[in-house]
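Asker: Based on what follows, work out the 3D shape:
(chains A, B, C and D)
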Number of protein chains: 2
Amino acid sequence: MTVANLTPEAKTRSRGRPRAFDMDAALDAALRVFSERGYHAASISELTEAMGLASGSIYKAFKDKRGIFLTAFAHYRKLGRRRLEAMIASAKTGREKVFQMVMYYAELSYGEAGRKGCLVVGGANDFGLLDEEAAAHVVTAFTADEKLMADLIRIGQEDGTIPKTVDPDAAALAFLCFTKGLRVIGKTGRSREEMLSAAEAGMKLVT
Amino acid sequence: MTVANLTPEAKTRSRGRPRAFDMDAALDAALRVFSERGYHAASISELTEAMGLASGSIYKAFKDKRGIFLTAFAHYRKLGRRRLEAMIASAKTGREKVFQMVMYYAELSYGEAGRKGCLVVGGANDFGLLDEEAAAHVVTAFTADEKLMADLIRIGQEDGTIPKTVDPDAAALAFLCFTKGLRVIGKTGRSREEMLSAAEAGMKLVT
DNA sequence: TTGATTTGGAAACGTTCGTTCCCTAATTAA
DNA sequence: TTAATTAGGGAACGAACGTTTCCAAATCAA
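Answerer: Got it, this is the predicted structure:
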C-alpha cells in the first residue's frame, strides 16, 4: 500500500503530515476484532478502540469498514502463509510436509487462538451473497491452500512417502475441508489433545 | 412450544385469538435468511418480509431477534437430523452408514444449498465470545453429530466393515471437522463432482 | 517563511437497527 | 352478551451504526 511507486523517486517520503501510527500493529488489532466478532458484528467503535485510532483517521487510511477488513485480510494471509511455509520447510519428506500443514491448523484450533477463529472461514460465512469482490478474496485464499496441499501430496508421491493410488486433487480438497473444519470446531473450545488426535487421524487421507 | 401442557385438558385450544400463520413455514423462512446472511447481518426487516409477518407479530411469537434465531435453529436441527437418520437407516453396514452420513453433507455443499450454508457452522462463527447460551446450542449440535458418527464407526467395527485399528473417537472428530469443512467450502461455490470426490476421499478416515 | 498537502481527532449527521406501543381482530370463558 | 385474553399489524422510539465534516498539527516544496 505504501511504496507502490517504483520510479527513481520511489522511496522519498510523500508530502503532507506523515502517518503516525504503525500500520502492521493497527492491522493486527483490526484482525483480532474481525476474527473474534465477525465482519458484521465488529463495529467501528470497537475497531477504533482496538486500533488506537479515531474514526476520522481510520477513514482516511482505509476508505471504509470494508476497506479495513480487506486490508486486514490481506495482512492476515501474508502472516499466515509465512508461518505455514516455515513449518512445511522444516519437514523433509512430502508426507511430513503434509503432516506439518495439518498440524499448523490443529495448533490454531484450540484455546485462545481457536476461539478467535480464522478470518478466511469467517469471511466465507459473512460474504455469502452480496460483495462478490470480498467473496473472491476468500476463494483465492482457499484455492491457494488447496493448491499448496496438492503440491505437497505430489512431492510425497515422488519421494515415495505417499502412495501413488492417492488422487492428489481429491485428497487436497478433502484436506482443505478438514483443516477449515478444524478451525470451525476450534471455535467451540476443544482441548489440544483432541485436536492433535484428530489431526493424526486426518493423515489417513494420504494412505 | 404449543401443546406443552400434558394435563387432562391438554389439547384444548388456548384462549385468545389463535395464531394465524404456519409456524413451520415461518421458521423455514427465518432459517433461509439466517443461513444466507448470518445472524448479525440478518435484519428484522428481512425477516419480516421473508416470514410474511409484521414486526409486532414476530415479537409476540418470539421474544426478540435472538429468540427467532434460537427457535429457527432448533427447527433446523430437527429437520436435518430427521433427513440424516433416514439416509443412515437406508444403509446396511456400518461403513455404508458412515458413507451415507458423509454423502449427506457433501450433497448439501454445492450449488444453492451450499451457498446457503449451515446454520450451525454459521452459529459457531457468529457467537464466539458473547452469548454463552447460543454457543452452548452450537456445541450441543456438534457433539450430537460427533457422537452419532462414533456410534456408526463402532457399528462398522462390529460388523467387520471398519478395521478395529481405527480409534472411533478420534476418527469421529476428524469426520466432524471434515463434514463441517465441506459446508464452509460449499459456500464458495464448488461443483457437485468436486464435493463427491472429496467425500469419497474422506472415507479413508475409516481405513 | 509561506502555501500546499496530508494526518489526527472529535463532533455531528443521516440512516437503519432492534424493540415497544397501541389499536383492531378473533377467539374462549362466564 | 360481555369480559378477558391473545394475535396481527403498523407507526413510533431511542440507540447505535457507518460515515462525513471540520479544524488543528505536521510535514514537504518553493
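
Asker: buried stuff in the helix or strand containing A:Glu193?
Answerer: Applying DSSP states H and E as the criterion places A:Glu193 in helix A:192-202. Using 16 or more other C-beta atoms under 10 Å in any protein chain shown as the test for burial, helix A:192-202 gives A:Glu194, A:Met195, A:Leu196, A:Ser197, A:Ala198, A:Ala199, A:Glu200, A:Ala201, A:Gly202. Yep, even glycine has a C-beta here, placed from its N, CA and C like the rest.

Asker: elements contacting that helix?
Answerer: For helix A:192-202, the elements it packs on are helix A:94-107, helix A:168-186, helix B:168-186, judged by 3 or more C-beta pairs under 8 Å, 6 or more residues apart in numbering or on different chains; DSSP states H and E.

Asker: neighbouring contacts of that helix?
Answerer: Helix A:192-202 is contacted from outside by A:99, A:102-103, A:105-107, A:109-111, A:114, A:175, A:178, A:182, A:186, B:167, B:169-171, B:173-174, B:177-178, B:205, using C-beta atoms under 8 Å, 6 or more residues apart in numbering or on different chains.

Asker: Let me see the mean pLDDT of that helix.
Answerer: Mean pLDDT, computed over helix A:192-202, is 98.

Asker: relative to helix A:94-107, how tilted is that helix?
Answerer: Computed by axes from the mean of the first three to the mean of the last three C-alpha atoms, to 10 degrees, the angle separating helix A:192-202 from helix A:94-107 equals 150 degrees.

Asker: Return the distance of helix A:192-202 from the chain's centre.
Answerer: Relative to its parent chain, helix A:192-202 has a centroid offset of 20 Å by C-alpha atoms, centre = their mean, to the nearest Å.

Asker: Can I get it in CSV, CA atoms only?
Answerer: Extracted in CSV, the C-alpha atoms of helix A:192-202 (Å, rounded to 0.1, in the frame of the first residue of the first chain):
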residue,chain,number,x,y,z
ARG,A,192,-5.2,-29.5,22.4
GLU,A,193,-5.2,-33.3,22.8
GLU,A,194,-8.4,-33.7,20.9
MET,A,195,-7.3,-31.6,18.0
LEU,A,196,-3.9,-33.3,17.8
SER,A,197,-5.5,-36.7,17.7
ALA,A,198,-8.0,-35.5,15.1
ALA,A,199,-5.0,-34.2,13.0
GLU,A,200,-3.3,-37.6,13.3
ALA,A,201,-6.5,-39.3,12.2
GLY,A,202,-6.7,-36.9,9.3
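
Asker: Okay, helices next: where are they in chain A?
Answerer: A:23-37, A:44-51, A:55-61, A:65-89, A:94-107, A:111-116, A:119-126, A:132-158, A:168-186, A:192-202 (DSSP state H).

Asker: Can you pull out the low-pLDDT segments for chain A?
Answerer: A:1-13 (pLDDT under 70).

Asker: Identify the residue of it closest to DNA strand C, quick one.
Answerer: Closest contact between chain A and DNA strand C, by C-beta to the nearest atom of the strand, is at A:Gly16 (1.8 Å).

Asker: burial of that residue, as a residue count?
Answerer: For A:Gly16, the count of nearby residues is 6 (other C-beta atoms under 10 Å in any protein chain shown).

Asker: Now do it against A:Ala26, distance only.
Answerer: Separation of A:Gly16 from A:Ala26 (C-beta to C-beta, to the nearest Å) stands at 19 Å.

Asker: Now do A:Gly122: how many residues are near it, please.
Answerer: 28.

Asker: Relative to A:Thr140, how far out is it?
Answerer: Taken as C-beta to C-beta, the span from A:Gly122 to A:Thr140 is 15 Å.

Asker: try A:Met101
Answerer: From A:Met101 to A:Thr140 the distance is 18 Å (C-beta to C-beta).

Asker: do A:Glu194 as well
Answerer: From A:Glu194 to A:Thr140 the distance is 31 Å (C-beta to C-beta).

Asker: now do A:Ala41
Answerer: From A:Ala41 to A:Thr140 the distance is 24 Å (C-beta to C-beta).

Asker: Between those two, which has more neighbouring residues?
Answerer: Neighbours were counted for A:Ala41 and for A:Thr140 using other C-beta under 10 Å; A:Ala41 has more, 21 against 13.

Asker: which residues touch the closest residue to that one other than its chain neighbours?
Answerer: Closest residue to A:Ala41 apart from its sequence neighbours, by C-beta to C-beta, 6 or more residues apart in numbering or on different chains: B:His40 at 4.5 Å. By C-beta under 8 Å, 6+ apart, the contact set of B:His40 is A:Gly38, A:His40, A:Ala41, B:Asp126.

Asker: Using a markdown table, lay out those residues together with distance to DNA strand C.
Answerer: Putting the contacts of B:His40 into a markdown table (distance: C-beta to the nearest atom of the strand, whole Å) gives the following:
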| residue | distance to DNA strand C |
| --- | --- |
| A:Gly38 | 14 |
| A:His40 | 9 |
| A:Ala41 | 11 |
| B:Asp126 | 12 |
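
Asker: per the record, what domains does chain A have?
Answerer: Domain ranges of chain A: A:17-73, A:91-207, per automatic domain parsing.

Asker: Tell me which of these sits most buried.
Answerer: Highest mean neighbour count of the domains of chain A: domain A:91-207, a mean of 20 (counted as mean count of other C-beta atoms under 10 Å in any protein chain shown).

Asker: Span of that one from start to end?
Answerer: 18 Å (C-alpha to C-alpha, to the nearest Å).

Asker: close enough to count as contact, A:Leu27 and A:Ala72?
Answerer: Yes - between A:Leu27 and A:Ala72 a contact is recorded at 5.0 Å, counting by C-beta atoms under 8 Å.
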